[in-house]
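**Q** build me a model:
(one chain, ligands or ions: 1)
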Amino acid sequence: MQVVITGGCGFIGRRLALKLLEQGVLANPSGGMDEIKSLVLFDVGEPTPVIPSDPRLKIVTGDICSEADISALISPETSIVYHFAAVVSSGAEADFDLGMNVNFDGTRTVLEVCRKLETPPRLIFASSVAAYGGDMPDVIQDSTIQRPQTSYGVQKAMCELLVNDYTRKGFIDGRTLRLPTIVVRPGKPNKAASTWASSIIREPLQGQEAICPVSGNQAMWCLSPRRVVDAFVRAASLSGDEIGANRAIGISGTTYTVREMLDALVSVAGTQMLDRIRWEPDSGIQAIVSGWPTHFNPVRGMSLGFSYDKSMVEIIESFIEDELDGTFVS
Ligand SMILES: NC(=O)c1ccc[n+]([C@@H]2O[C@H](COP(=O)([O-])OP(=O)(O)OC[C@H]3O[C@@H](n4cnc5c(N)ncnc54)[C@H](O)[C@@H]3O)[C@@H](O)[C@H]2O)c1
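**A** Presented below is the predicted three-dimensional model:
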C-alpha cells in the first residue's frame, strides 16, 4: 500500500510519518490491514528534524497548488491520502490570496486529482475548530452551525463541505478531522494564532523566555501530538458507513485556560517556569483566538473512538519524553 501525506514535512505530518513507519501497517479502504510499502511526504520543504532514512520513505518537494505536481504525486497505487498542506491561521489572515490558493485551491487540486483515479482513494483532511466562530453556544455540539470569522476558518469550512460532496458523488472516500489546537508543538513559534499555547510550555522547559499575547483567562480546546497522530491512524480505519454522510468529525480534546496550562507546568517543572513567561498582550491575536470556540461536546467523535489526554500534566510529560529526551532546564 502507498500512503501520501501532503504537508508531510510539517509538524503533524512528520509525527504521523514516524508512527506509520513504526507500525508498518494501516487500514486499507477495503477494511483490511495492509503493509505500508511506500510512504510519500509531499511538501515545499524538508522535515525538521530529519526523519531517519527508510526504504519505504520518499520525500517529494512541490507545490500543492500545482496540478502537475499533484498528478505526479497521487497515482493508482495510492490507497490513502492525508491532506495536511496548509497555510496556518495568522498566515491565512495576513495574506488572503495565499490562504485561498493553498488552503482552498490546493485542496481542490488534490480532490480533482483523486477524482480522476479509477478506484477512489481514501482521503483524510485536517480541518480545525477555527471552522466555527461568530454567534456560538457556550458548548459546541456536533450539530452547531459553522460561521467562521477568519479566512483560515472559512477555507477549512469550505473544504469540509467539498470533502463531503466529493464523497457523496463517489469521487473519493473522504473524511475530515476537525482538530483542537495541538499542544505542545516542538520547534519555534509559527504563524498560527495559537502558537503561544505551545510556547508557554515549550520555551520555559528549555530555559527560554516565552511571550504570552493573550490573557490568563483565555481558554483553548487542546489535544496532544500523540493523540492527534492516533486520531489520524484511527480515521483511516473507519468505514464510510460508520461515519455517515457528514464526513467531518469533531474529535475529542480538553479545555484548558492559560492559567491551568501554567499551573500544570509548575507542577511538572517548578515555579521558576513562571519567571520565563513575558506577558505581552496582542489585541490582534487576542481577537482571533477569542473568536474560536473553547468548549465542545464531540459525541460523534467519542462514539467513533477518538480519545483525548487525561490532563495537561500528561500532555506536558509526553512532550518532555518525546521531544526533550526526557529532561528539561530546571
Ligand atoms: N497544529 C495544530 O494545532 C492544528 C490545529 C488545527 C488544524 N491543523 C491543520 O492540520 C494540518 C497540519 O498542521 P501542522 O500543525 O502540521 O502545520 P504545519 O505548518 O507544521 O504543516 C503544514 C505543512 O504544509 C506545507 N505547505 C504549506 N504550503 C504548501 C504548499 N503550497 N505546497 C506544499 N506544502 C505546503 C508547509 O511547508 C508545512 O510543512 C494543517 O492543515 C492545519 O491547518 C493543525
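
**Q** describe which strands the host helix or strand of Ile211 pairs with in its sheet and in which direction.
**A** In the assignment (DSSP states H and E), Ile211 maps to strand 210-212. If you go by DSSP bridges, strand 210-212 pairs up with strand 277-279 (parallel).

**Q** next one: the partner strand to chain centre, how far?
**A** Centroid displacement of strand 277-279 relative to its chain, using C-alpha atoms, centre = their mean, to the nearest Å, is 26 Å.

**Q** what comes up buried for it?
**A** Ile277 (16 or more other C-beta atoms under 10 Å). Placement of C-beta: from N, CA and C, glycine included.

**Q** against Pro47, how distant is Thr17?
**A** Just to correct that, residue 17 is Ala rather than Thr. In this view, Ala17 and Pro47 are 8 Å apart by C-beta to C-beta, to the nearest Å.

**Q** average model confidence for stretch 168-178?
**A** Average pLDDT, stretch 168-178: 97.

**Q** with stretch 304-324 instead?
**A** What stretch 304-324 shows for mean pLDDT is 97.

**Q** would you mind writing the CA trace of the longest helix anywhere in the chain as PDB?
**A** Looking across the chain with DSSP state H, the single longest helix is helix 151-168. The C-alpha coordinates for helix 151-168 follow below in PDB (Å, rounded to 0.1, in the frame of the first residue of the first chain):
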ATOM      1  CA  SER A 151     -10.200  33.500   6.400                       C
ATOM      2  CA  TYR A 152      -8.500  30.300   7.600                       C
ATOM      3  CA  GLY A 153     -11.700  29.100   9.300                       C
ATOM      4  CA  VAL A 154     -13.700  29.900   6.200                       C
ATOM      5  CA  GLN A 155     -11.200  28.000   4.000                       C
ATOM      6  CA  LYS A 156     -11.300  25.000   6.300                       C
ATOM      7  CA  ALA A 157     -15.200  25.000   6.400                       C
ATOM      8  CA  MET A 158     -15.400  25.200   2.600                       C
ATOM      9  CA  CYS A 159     -13.100  22.300   2.200                       C
ATOM     10  CA  GLU A 160     -15.000  20.200   4.800                       C
ATOM     11  CA  LEU A 161     -18.100  20.700   2.600                       C
ATOM     12  CA  LEU A 162     -16.100  19.800  -0.600                       C
ATOM     13  CA  VAL A 163     -14.800  16.600   1.100                       C
ATOM     14  CA  ASN A 164     -18.500  15.700   1.900                       C
ATOM     15  CA  ASP A 165     -19.600  16.400  -1.700                       C
ATOM     16  CA  TYR A 166     -16.800  14.600  -3.400                       C
ATOM     17  CA  THR A 167     -17.600  11.600  -1.200                       C
ATOM     18  CA  ARG A 168     -21.300  11.800  -1.900                       C
END
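
**Q** could you give the mean pLDDT of stretch 203-213?
**A** 97.

**Q** likewise for stretch 81-98?
**A** Stretch 81-98 shows a mean pLDDT of 94.

**Q** now it: buried residues?
**A** Neighbour-count burial for stretch 81-98 [16+ other C-beta under 10 Å]: 81-93.

**Q** before we move on, the earlier item: starting from the helix or strand following the strand holding Ile211, tell me which strands it pairs with and how they run.
**A** Sequence-wise, the next helix or strand downstream of strand 210-212 (DSSP H and E) is strand 219-223. Sheet pairing of strand 219-223 (DSSP bridges) gives strand 181-182 (parallel), strand 254-257 (antiparallel).
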